[in-house]
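Participant: Got a predicted structure here, sequence first:
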Amino acid sequence: MAGEEPLRRRLRNLPGSAWVIFSGMFLIKFGNFLNVFLVLFLVSRGFSAFQAGVALGVVGVGAFVGNAVGGTVADRFGRRTAIAVSMFGSSAATALVPLADGLLETTALVGVVGVFAQLYRPAAGALLVDVVPEEQRVTAFAVLRLAINVGMAVGPLVGGLLSGASYTYVFLGDALFSFAFGVLALCTLPGGRPPVQDPAEAAERGRGGYRAVFADRPYLLFLGSMVAATFVYGQSTATLPLHVTDAGHDNKAYGLLLGLNALLCVVIELPLTRHTERRTPRRVIAAGLLLLGLGMALTGTVQAVWLLALTVVVWTVAETVYTPIANAYPAEFSPAHLRGRYQGAEGIAHTLGGALGPAVGGLLYGISAPLHWVVCGAVAALGAGLALAAVPPVRAPKRAVPAAEPAPAA
């Protein structure tokens, strides 16, 4: 079985294109300075916190559009093209942000950044499905998350140093990292669209589009579970800091809790994946969501820092259980010619959950904090039920096509 193979050997056996995607994801998450420092940048220019928040919200709207468009571009023009267009477009728009005058111009420009910055995402996920054999996909998506987590943990520290000199350096640094991933993609990733082995799918290539994706009822159930998961998980940055403050702790305590979450993800996710990937995916996802709901619901019952840390451990373990499986799960539903769009639809679900989480969660927390945490547990349980009902179609097993895999980058 794939899970019995030593982890080091399994990592070595991952295709070169997968490592290009991992490297590129680290680069852009390390250099994701715009999202982190946009509010501070706008406030420093004299705009209100509300106006800065609206601008950041527009970035989220752009990300929603980028996921949808990115799926179509990936399927029609190829994964490499979608990634390159995304990175070069994001780089150019981000570099122009410090030159923008006025709130309206800046907000429109960061909205464009949001579109281009997320356009790559469906292509990256689809490319991993294209080139990684089925038995290694969960491991590949776990490594992808590791690259993301490490980049997001280290990058803001560098961004903070740059912001001390000038916010212009912050945005130029962000643009540089995006440009680097674009160059890396053009030089090392396979071009064109992946070959389709099934004659029936070959005849359908270019047809269906998102209409076919959203007509897939079992996949819609899975997307609903991802909306629920992101809604609940989003409380870690939306209402958890409010709870920590109301419990009488300072921002340092909240930072330590988030640091514990990041550290656990880096340490336990890959080893844990060796065991979870052997199980039925929808059951693993459901179990992870139930554990996520339990961890978040317990948050409202405790106030001491060490008890809050225990709840963080619970919902972090949940995150490491369901997320790699859920990231690979769309491949169970998608025909080869629609992989980009299926990945794009998953991105849309996460974006929707990410938008609803802070808005609805903040509203509920303001009405009744205990009720809010109970609702989080209920939403996670609902997501678990949707995941259990999301049964993919039975397809003939397909192997990745080695001919589409270039030699690893030096």
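Facilitator: Looks like it arrived, so ask away.

Participant: Which residues are in contact with the closest residue to G70 other than its chain neighbours?
Facilitator: Counting by C-beta to C-beta, 6 or more residues apart in numbering, G70 lies nearest to L119, which is 3.9 Å off, once chain neighbours are set aside. Where you see a C-beta, it was placed from the backbone N, CA and C, and this is true even at glycine. Going by C-beta atoms under 8 Å, 6 or more residues apart in numbering, L119 touches G66, N67, V69, G70, V73, A82, V85, S86, G89, S90.

Participant: I'd like those residues as a markdown table, with distance to G60 appended.
Facilitator: Rendered in a markdown table, the data for the contacts of L119 read as follows (distance: C-beta to C-beta, whole Å):
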| residue | distance to G60 |
| --- | --- |
| G66 | 10 |
| N67 | 11 |
| V69 | 15 |
| G70 | 15 |
| V73 | 20 |
| A82 | 20 |
| V85 | 20 |
| S86 | 17 |
| G89 | 17 |
| S90 | 15 |
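
Participant: Which of these fall within helices?
Facilitator: Secondary structure defined by DSSP state H assigns G66, N67, V69, G70, V73, A82, V85, S86, G89, S90 of the contacts of L119 to helices.

Participant: Return the member of the residues you listed nearest to G16.
Facilitator: The closest of these to G16 turns out to be A82 (C-beta to C-beta; 18.8 Å).

Participant: give me the number of residues near the closest one?
Facilitator: A total of 29 residues lie near A82 under the criterion other C-beta atoms under 10 Å.

Participant: Could you measure from it over to G125?
Facilitator: A82 sits at a distance of 11 Å from G125 (criterion: C-beta to C-beta, to the nearest Å).

Participant: Which members of the contacts of L119 are classed as buried?
Facilitator: Of all the contacts of L119 considered here, the ones buried according to neighbour count by 16 or more other C-beta atoms under 10 Å are G66, N67, V69, G70, V73, A82, V85, S86, G89, S90.

Participant: Looking at those residues, which is nearest A326?
Facilitator: Nearest to A326 among these: N67, at 15.6 Å, using C-beta to C-beta.

Participant: Return the residues in contact with the closest one.
Facilitator: Contacts were defined as C-beta under 8 Å, 6+ apart; by that measure N67 touches Q118, L119, R121, P122, G344, G347, I348, T351.

Participant: Can you tell me, leaving aside adjacent residues, what's nearest to it?
Facilitator: Spatial nearest neighbour of N67, chain neighbours left out: G347 (3.4 Å); criterion: C-beta to C-beta, 6+ apart.

Participant: By mean pLDDT, which helix or strand of this structure comes out lowest?
Facilitator: Using mean pLDDT, DSSP states H and E, the weakest-scoring helix or strand in the chain turns out to be helix 199-204, at a mean of 50.

Participant: Tell me how many other residues crowd S44.
Facilitator: Every residue meeting other C-beta under 10 Å relative to S44 is counted, giving 12.

Participant: got a list of what it touches?
Facilitator: When the contact criterion is C-beta under 8 Å, 6+ apart, the partners of S44 are Y167.

Participant: ok so, going back, highest neighbour count among the contacts of N67?
Facilitator: P122 (34 neighbours).

Participant: helix or strand for the closest residue to V97 other than its chain neighbours, which one?
Facilitator: Spatial nearest neighbour of V97, excluding adjacent residues (C-beta to C-beta, 6+ apart): F171 at 4.9 Å. Under the criterion of DSSP states H and E, F171 resides in helix 167-188.

Participant: Pull out the buried residues from that helix.
Facilitator: 167, 169-175, 177-182, 184-185, 188.

Participant: Just give the nearest non-adjacent residue to G293, would you?
Facilitator: A380 (2.7 Å).

Participant: in what helix or strand does the one you found lie?
Facilitator: Assigned by DSSP H and E, A380 belongs to helix 369-389.

Participant: List of residues touching that helix?
Facilitator: The contact list for helix 369-389 (C-beta under 8 Å, 6+ apart) reads 218, 221-222, 224-229, 231-232, 235, 239, 242-243, 246, 282-283, 285-287, 289-290, 292-294, 296-301, 361, 364-365.

Participant: V150: neighbouring residues, count only.
Facilitator: Using other C-beta under 10 Å as the criterion, V150 is surrounded by 17 other residues.

Participant: Tell me who's in contact with it.
Facilitator: Listed by C-beta under 8 Å, 6+ apart, the contact partners of V150 are F26, V266.

Participant: Do you know the pLDDT at it?
Facilitator: The confidence metric pLDDT takes the value 87 at V150.

Participant: Specify the angle between the helix or strand R145 falls within and helix 167-188 in degrees.
Facilitator: Using DSSP H and E, R145 falls within helix 137-165. With axes from the mean of the first three to the mean of the last three C-alpha atoms, to 10 degrees defining the directions, helix 137-165 sits at 150 degrees from helix 167-188.

Participant: Pull out the buried residues from helix 137-165.
Facilitator: When neighbours are counted by 16+ other C-beta under 10 Å, the buried residues of helix 137-165 are found to be 137-153, 155-156, 159, 162-163.

Participant: cool, stretch 359-366 as well?
Facilitator: For stretch 359-366, the buried set under the neighbour-count rule, 16+ other C-beta under 10 Å, comprises V360, G361, L364, Y365.

Participant: any idea of the mean pLDDT for it?
Facilitator: Averaged across stretch 359-366, pLDDT comes to 87.

Participant: One more: stretch 126-137?
Facilitator: Computed over stretch 126-137, the average pLDDT equals 90.

Participant: next one: phi and psi at V305?
Facilitator: Note on V305: backbone dihedrals following degrees, to the nearest 10 are phi -60, psi -40.

Participant: check contacts around the spatially closest residue to it that is not a sequence neighbour.
Facilitator: In space, and not counting its chain neighbours, V305 is closest to A253: 5.4 Å by C-beta to C-beta, 6+ apart. Taking C-beta under 8 Å, 6+ apart as the definition of contact, the neighbours of A253 are V244, V305, L308.

Participant: Format the residues you listed as a markdown table; extra columns: pLDDT, distance to A18 and neighbour count.
Facilitator: Conversion of the contacts of A253 to a markdown table gives the following (pLDDT from 0 to 100; distance: C-beta to C-beta, whole Å; neighbours: other C-beta atoms under 10 Å):
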| residue | pLDDT | distance to A18 | neighbour count |
| --- | --- | --- | --- |
| V244 | 90 | 38 | 22 |
| V305 | 93 | 39 | 16 |
| L308 | 95 | 37 | 23 |
